[in-house]
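Asks: take a look and give me a structure for this.
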Amino acid sequence: MLSDHERKNIIQNTLAALKGQKLKKVSVRISGVQTTIDKLRANHIAILTGKAGAGKTTTVYQVMCEMSNPSLSSTYTPVLIKSPEQWDKVINPTHQYLVYLDDVFGSSNLDPGAIQKWKNQLDIIFSSAKTGKIYVLIGLRRNVLNEAKMHVIHEILDEENIVDLSLEENLTKQDKSKIIEAYECNCNFKASELCGERFAYYSEKNGLNAIYKLSLKEKEKIHFTDSYYGFPLTCFQFFTRPDFFQLGPSYFQRPDKNIFKAIETMRQGKCGNISDKVKYSVLCYTFINGSVETNIVSETLLKTISGKLHIFNITEVDLKDAINDLNGIFLSKSSTEHFYKFSHETILEAVMVSFGQLAPDIVINHCSRRKLHELIRTENYEPKPCEVILKIPRRHYEDLAQRLLRGDDGDGKEIDIIPFVAIDILLHSGCQDPEFVSILCNWEMTERLFSLFHYLLFTNRDLIFHLLQ
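Replies: Residues are numbered from 1 along each chain as shown. Down below sits the predicted model:
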């Protein structure tokens with residue numbers, strides 16, 4: 001149960017996030033902002049979707065800033081809600097709230113556990129929006145939304161409520177030009193410091209200190225490239241790192257591969273570059289721990305990770321230097337706390353795939369429950385379109401089975417809430433793989449497994465039958 005202090009914290013954290021949005025150097029009001037506002041006024045519900053990096057959260061924050069502006073005759077209190085429990089304790093349908101529910105069904109892929117958690121809340125949310133004074137914004141990647149529709153039949157997910165930010169009507173060519181122009185104004189890459197013939201020619205023509213400006217032809221190519229990530233995120237990455245920038249418009253074709261390559265270069269620490277390996281260790285630590293601070297770290301976890309890279313003495317200075325170098329593309333500082341998180345979910349995914357190939361046992365045993373369900377798959381799994389997953393080798397099936405049977409959140413502490421653990425096991429995709437199920441049911445694990453499902457079968461029979469349908 002939330003206290004008044006906790007309620008105030010949720011509101012204050014929301015306001016801090018919006019303040020951070022206002023302070024951003026690059027902020028462009030795309031057409032999707034007005035589409036979203038119009039959708040809210042018509043339906044009281046708007047579901048923002050699109051590719052990873054399409055600008056869902058940025059658009060939501062812009063909408064929240066505009067609709068909570070004190071100069072308006074009727075303003076709304078913006079609130080970021082992360083769980084059904086928070087909704088129940090914070091949201092009063094008779095008050096004017098503008099609520100954002102981000103990634104409720106999964107941030108990278110569909111999370112069956114999240115579906116179960118939010119399913120019963122949808123009627124309350126829908127009713128509050130339609131009959132009360134509540135405006136509801138929901139953010140979901142397109143692949144998650146498409147799959148959620150196959151599991152949840154509810155009018156809240158109707159097409160009339162959806163704003164797809166990847167569509168040209170919501171991100172026009174003019175919007176793209178404004179985004180490029182805004183980033184270019186803040187880009188200070190000297191042509192003389194970039195690699196390639198066109199940069200050498202530009203420097204020779206305009207002087208050693210000349211800042212390289214994209215040609216009209218290069219901008220036109222960028223406009224018409226169907227990027228793997230959303231256009232706003234790809235622009236941010238492109239204009240932030242010189243090695244990405246010097247790739248030119250070709251970067252926009254597969255930014256995911258360039259991000260992964262940059263992370264792998266850190267892992268390899270070429271030419272004996274230990275600082276790169278420290279940065280890689282920090283990224284892996286952030287994936288496992290959820291965040292990283294310069295002065296408070298779990299030395300045990302950091303040593304476990306860095307040991308895989310054969311570096312054994314990371315000092316506090318090394319840690320601070322690594323975080324400073326990673327800040328921007330890879331990490332961003334929290335607007336309300338003194339810690340750093342991944343700048344975007346796509347960075348988390350790339351780090352997970354890289355580190356999961358190096359140390360699948362650490363990833364399986366230490367990642368959060370949500371990531372275990374969203375991202376970890378067995379070898380026989382066939383990925384769905386746009387899914388980012390880590391396939392674990394068969395030799396680590398036992399690690400996964402033991403982790404699921406513990407039911408912990410990556411801290412190694414076995415959970416005693418039996419129905420919770422049993423349902424969690426059933427919801428993991430590994431239970432559709434006969435090879436994995438045979439490992440899960442081997443004699444060493446039978447006692448724990450039997451107790452879990454014996455309890456579930458005789459106390460929650462209707463639920464287990466529903467899950468197995």
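Asks: for the closest residue to F355 other than its chain neighbours, which residues are in contact?
Replies: Excluding its sequence neighbours, the residue lying closest to F355 (CB to CB, 6 or more residues apart in numbering) is C284, at 4.6 Å. The C-beta positions use only the backbone N, C-alpha and C, and glycine is treated the same way. Shown in contact with C284 (CB atoms under 8 Å, 6 or more residues apart in numbering): I305, V351, F355.
Asks: so can I have a markdown table of the residues you listed showing neighbour count, pLDDT and distance to C195?
Replies: Converted to a markdown table, those look like this (neighbours: other CB atoms under 10 Å; pLDDT from 0 to 100; distance: CB to CB, whole Å):
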| residue | neighbour count | pLDDT | distance to C195 |
| --- | --- | --- | --- |
| I305 | 26 | 95 | 32 |
| V351 | 26 | 97 | 26 |
| F355 | 25 | 97 | 29 |
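Asks: by contact count, what packs against the strand or helix carrying A422?
Replies: Counting by DSSP states H and E, the element that carries A422 is helix 418-427. Counting by 3 or more CB pairs under 8 Å, 6 or more residues apart in numbering; DSSP states H and E, the packing neighbours recorded for helix 418-427 are helix 112-119, helix 369-375, helix 397-406, helix 446-459, helix 461-468.
Asks: which stretch in those helices is the model least sure about?
Replies: Looking over the helices and strands packed on helix 418-427, mean pLDDT reaches its minimum on helix 461-468, with a mean of 48.
Asks: what sits against A262?
Replies: R241, D243, F244.
Asks: C-alpha coordinates for the helix or strand it falls within, PDB please?
Replies: Assigned by DSSP H and E, A262 falls within helix 255-268. Extracted in PDB, the C-alpha atoms of helix 255-268 (Å, rounded to 0.1, in the frame of the first residue of the first chain):
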ATOM      1  CA  PRO A 255      22.400   1.100 -36.800                       C
ATOM      2  CA  ASP A 256      21.800  -2.000 -34.700                       C
ATOM      3  CA  LYS A 257      24.800  -3.700 -36.300                       C
ATOM      4  CA  ASN A 258      27.000  -0.700 -35.700                       C
ATOM      5  CA  ILE A 259      26.000  -0.400 -32.100                       C
ATOM      6  CA  PHE A 260      26.700  -4.100 -31.600                       C
ATOM      7  CA  LYS A 261      30.100  -3.800 -33.400                       C
ATOM      8  CA  ALA A 262      31.000  -0.900 -31.100                       C
ATOM      9  CA  ILE A 263      30.200  -3.000 -28.000                       C
ATOM     10  CA  GLU A 264      32.100  -6.000 -29.300                       C
ATOM     11  CA  THR A 265      35.100  -3.700 -29.900                       C
ATOM     12  CA  MET A 266      35.000  -2.800 -26.200                       C
ATOM     13  CA  ARG A 267      34.800  -6.400 -25.200                       C
ATOM     14  CA  GLN A 268      37.800  -7.300 -27.400                       C
END
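Asks: pull out the buried residues from that helix.
Replies: For helix 255-268, the neighbour count (16 or more other CB atoms under 10 Å) marks P255, D256, N258, I259, F260, A262, I263, M266, R267 as buried.
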